[in-house]
Every structure is written in structure tokens, then in C-alpha cells.
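A.B. asks: Structure for the following, please:
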Amino acid sequence: MNLWAISDLHIGQHNNRTALLSVENRPDDWLILAGDVGDSEAHLADAFKLLCPRFAKLIWVPGNHELWATKTGSSAAARGEARYLSLVALARSFSVLTPEDPYQIWPGSNPPIVIAPLFTLYDYTFRPDAVAAGDVLEWAAADGIMSADELLLDPAPFSDRVAWCASRVAHTTARLAAIPSNYISILVNHYPLEQSHAVLPRVPRFSPWCGTKLTSSWHLRFRAMAVVYGHLHIPRAFNQDGVMFHEVSLGYPGQWDPDSSLDSRIRKIL
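C.D. replies: Take a look at the predicted model:
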């Protein structure tokens, strides 16, 4: 029995959607989907339909793309927190675990290993200390960088994404703090938990949309043996403080080798 992980499948991209068919059946194993499966409820449902029969259990956390709402007028999709909760309901209809469900214990683990899917968002604090909060968008735009989230990720009913992030972090902190002290954890988030991990050499000023300093040192505070994340489209695995960190994104066509199967990009965590 193994625990696998991948993120940023972006199945709205034709090549990625086609490549998803290469995922092998692993009927005894669990799979983490660490966000940005696609850009719509339909994309998410299609991925669940394909992957649920191939794995014993799926665990999903939302990325920013899944939270986008692009329709307007009478056909407007749910936005903000309502959209997130609608995606949670969709996942539950496939028996997929979400950040709103009880944390699962990895079978047979001793000490118990809790797998904790998280949804924390970002608050623009992954920026240089010299850049004031009110100047962060102008600072990024000076280098030609702007996230589509600014148009498509509605924070309703919160005043802004900073407030939504603060609420999510407070909610998540309380849940993680309730894990018994003799348990260890695997933390799963779409965004990196540490600012030092949000390094994007080609687009360095995209970092403000990559996480929050409020999650700093969670891997130590909540006794993690591993942290799984995506979003950066720079897959890697490394050890810090005795904890394994896994950036497990696939990315857009052109960011991964089409001559290798998507299945080969799924990372074994346990």
C-alpha cells in the first residue's frame, strides 16, 4: 500500500487531459491531488471519474484555478467561499476527502500518521521586506507580473483575499492543534508553507500569490514527516529540518516532457 501525490494537472489543457489516461490502476493505494486539477467543476468531476476507480482513496485540496469563477450575469457560477464549498460537495459526492473532512490516519502506522489536507490561500506576505503591503501589486506589475486571480478569484463574503486567508489559517490551525501530540502528520496544501520555498527563477515577482507567512514552521509545530504542495510548477523533493518536502506539480504542456507518461510524474510519498 502506497501514498502517491500529484498537483497542477490542468486538464483544461488538451495534452494534459489526454495524458491523464496513462495513470495506472493502483487499487490498494491512495492518491493526493494537491490542487489545480483544472479550471472548472467539470474538469474536477472528470478527473474524479477517471481516478477514483483506479485508487483506493483520493485526497484533494483546492488550488487557485479551481476557485476561479469566469461566468457573469444570470449564469454566474458560485464565487468565493460558496464556490469552495460547492467543490467540497462535489468531491464528497465521489467520496474524495477534502480539507473539510476528518483527517485520516494512514493504515497500520505506528506512531499514527495523520494525513491533513489544507486550504490556506495566500495574503501577499511572500514579498520582500522592503515592499509595503499596499505596494505589492505595483511592485509585481513593474516586472510585467500579475496573477489572473486578481480578476477571477472572488473572496466573497470576505472583504479581500487577505481576510479569507486569515480565516482559513485560523480554522486550519485549530484543527491541526487538536491532533494528539503522539501523532505525526503529512501536511498537504496547494501552496508552499514556507516563503523560502516560493522561489520562481523565471517569474520571481509572482511570489506574493504563493502563500502566507502565517504557515511558517508548521512542519515543525505540527510534527510533519512530509509536506506535499504544488502551485510553482517546479517539481522537486528535499529534506529540511528532517522533514521531506515534495513539490509535485505537473504543469502546463511545455513544462513537462511529453515523451514521459504522466503516470511517471506521480510522486510516491509513503
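A.B. asks: all contacts plus neighbour counts: C-alpha atoms, from now on.
C.D. replies: OK.
A.B. asks: list the helices and strands the helix or strand harbouring residue 4 packs on?
C.D. replies: Remark: residue 4 resides in strand 3-6, with elements defined by DSSP states H and E. Using 3 or more C-alpha pairs under 8 Å, 6 or more residues apart in numbering; DSSP states H and E as the contact definition, the elements that strand 3-6 packs against are strand 26-33, strand 267-268.
A.B. asks: tell me the most buried of those strands?
C.D. replies: Between those, strand 26-33 has the highest mean count of neighbours, a mean of 20, where neighbours are mean count of other C-alpha atoms under 10 Å.
A.B. asks: which element follows that strand toward the C-terminus?
C.D. replies: Next in sequence after strand 26-33, counting helices and strands by DSSP H and E, comes helix 41-51.
A.B. asks: Now that following helix: buried residues?
C.D. replies: Of the residues in helix 41-51, those scored as buried under the neighbour-count criterion (16 or more other C-alpha atoms under 10 Å) are 41, 43, 44, 45, 47, 48, 51.
A.B. asks: residues in contact with residue 88?
C.D. replies: Taking C-alpha atoms under 8 Å, 6 or more residues apart in numbering as the definition of contact, the neighbours of residue 88 are 98, 100.
A.B. asks: so what's the backbone phi/psi at it?
C.D. replies: Reported as degrees, to the nearest 10, the phi and psi values for residue 88 are phi -60, psi -50.
A.B. asks: Counting neighbours, what do you get for residue 147?
C.D. replies: For residue 147, the tally of surrounding residues (other C-alpha atoms under 10 Å) stands at 14.
A.B. asks: Could you do residue 255 as well?
C.D. replies: Counted with other C-alpha under 10 Å, residues neighbouring residue 255 total 11.
A.B. asks: Could you do residue 173 as well?
C.D. replies: The burial metric for residue 173, expressed as a neighbour count using other C-alpha under 10 Å, is 17.
A.B. asks: Residue 2 too?
C.D. replies: Under the neighbour criterion other C-alpha under 10 Å, residue 2 is assigned a count of 12.
A.B. asks: Could you number the chain from 273 rather than 1 from now on?
C.D. replies: New numbering, starting at 273: the last item is residue 274.
A.B. asks: Next one: it relative to residue 329, how far apart?
C.D. replies: Distance, residue 274 to residue 329, by C-alpha to C-alpha, to the nearest Å: 11 Å.
A.B. asks: overlap in contacts of the two?
C.D. replies: Going by C-alpha under 8 Å, 6+ apart, residues that sit against residue 274 and also against residue 329 are 301, 302.
A.B. asks: coming back round to it: could the buried residues of helix 313-323 be laid out in TSV, adding pLDDT and distance to residue 378?
C.D. replies: As requested, the buried residues of helix 313-323 are exported to TSV (pLDDT from 0 to 100; distance: C-alpha to C-alpha, whole Å):
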residue	pLDDT	distance to residue 378
313	93	28
315	94	28
316	96	25
317	96	25
319	97	23
320	98	21
323	97	20
